[in-house]
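S.K.: predicted structure and sequence below. I'll ask about it afterward.
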Amino acid sequence: MRRRLTLASTFIAILVALILPASTLAYSGINYSKEDNYCAGLNVHFTVKFWAAGNTTATKLTVDSWAQRAPSGGAWKTVKTWTRHTYSFAINGHSHWVTGTLVYKGKVNYYWYRIQMRLQAWHNSTRLKQYTVTSIHC
């Protein structure tokens, strides 16, 4: 009896290991990279590339972006919000991507400034993946 139970649990573990990668494969091709992320004085320069590989079920990529400031050691406060960028496409086996480049010009020396982007991949109205990416603070 003990041997049968061990054999059955081993079989189930192997079955789950074989099935799991196939079910998560559709979402593993959704990712991003920080292309530029630097300060020029008080100005924050931030570029992010966001993509969905051709093996995913994604049909849309969206990017929401905002700039924030904070006094040294204080809480971050949103001071600018950019318009949402949306890129829709058909599932066709090809990779699709969006590149967002933003610059926020800080005005006052005693604040830190940064940019954040919320990157979302969608299949119609179902969100597949979401990242919130933060720039360096200047």
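M.R.: On my side now, so go ahead. Numbering: from 1, shown residues only.
S.K.: any low-confidence regions in this protein?
M.R.: The chain contains residues with pLDDT under 70 at 1-27.
S.K.: go again using 80 as the cut-off
M.R.: 1-28, 109-110 (pLDDT under 80).
S.K.: show me the strands in it, by range?
M.R.: Along the chain, counting by DSSP state E, strands occupy 30-40, 43-52, 60-71, 77-88, 96-105, 111-123, 126-134.
S.K.: would you turn these into CSV with mean neighbour count?
M.R.: To be clear about C-beta, it is placed using only N, CA and C from the backbone, and glycine gets the same treatment. Formatted as CSV, these follow (neighbours: other CB atoms under 10 Å):
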stretch, mean neighbour count
strand 30-40, 15
strand 43-52, 21
strand 60-71, 19
strand 77-88, 12
strand 96-105, 17
strand 111-123, 20
strand 126-134, 14
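S.K.: so what's the residue nearest to residue 35 when sequence neighbours are not counted bridging to?
M.R.: Nearest non-adjacent residue to residue 35, counting by CB to CB, 6 or more residues apart in numbering: residue 47, 4.1 Å away. With DSSP bridges applied, residue 47 shows beta-bridge pairing to residue 36, residue 101.
S.K.: dump the residue contacts of residue 47.
M.R.: 34-37, 99-102 (CB atoms under 8 Å, 6 or more residues apart in numbering).
S.K.: before we move on, what about residue 37?
M.R.: Contacts of residue 37 by CB under 8 Å, 6+ apart are 45-47, 135-136.
S.K.: on that earlier part again, for the contacts of residue 47, which one is nearest residue 85?
M.R.: Nearest to residue 85 among the contacts of residue 47, counting by CB to CB, is residue 100 at 6.4 Å.
S.K.: wouldn't the closest one be in contact with residue 65 here?
M.R.: Yes - using CB atoms under 8 Å, residue 100 is in contact with residue 65, at 6.4 Å.
S.K.: anything in contact with each of the two?
M.R.: Common neighbours of residue 100 and residue 65 (CB under 8 Å, 6+ apart) are 85, 117.
S.K.: just give the nearest non-adjacent residue to residue 131, would you?
M.R.: Spatial nearest neighbour of residue 131, chain neighbours left out: residue 119 (4.5 Å); criterion: CB to CB, 6+ apart.
S.K.: great, nothing more from me.
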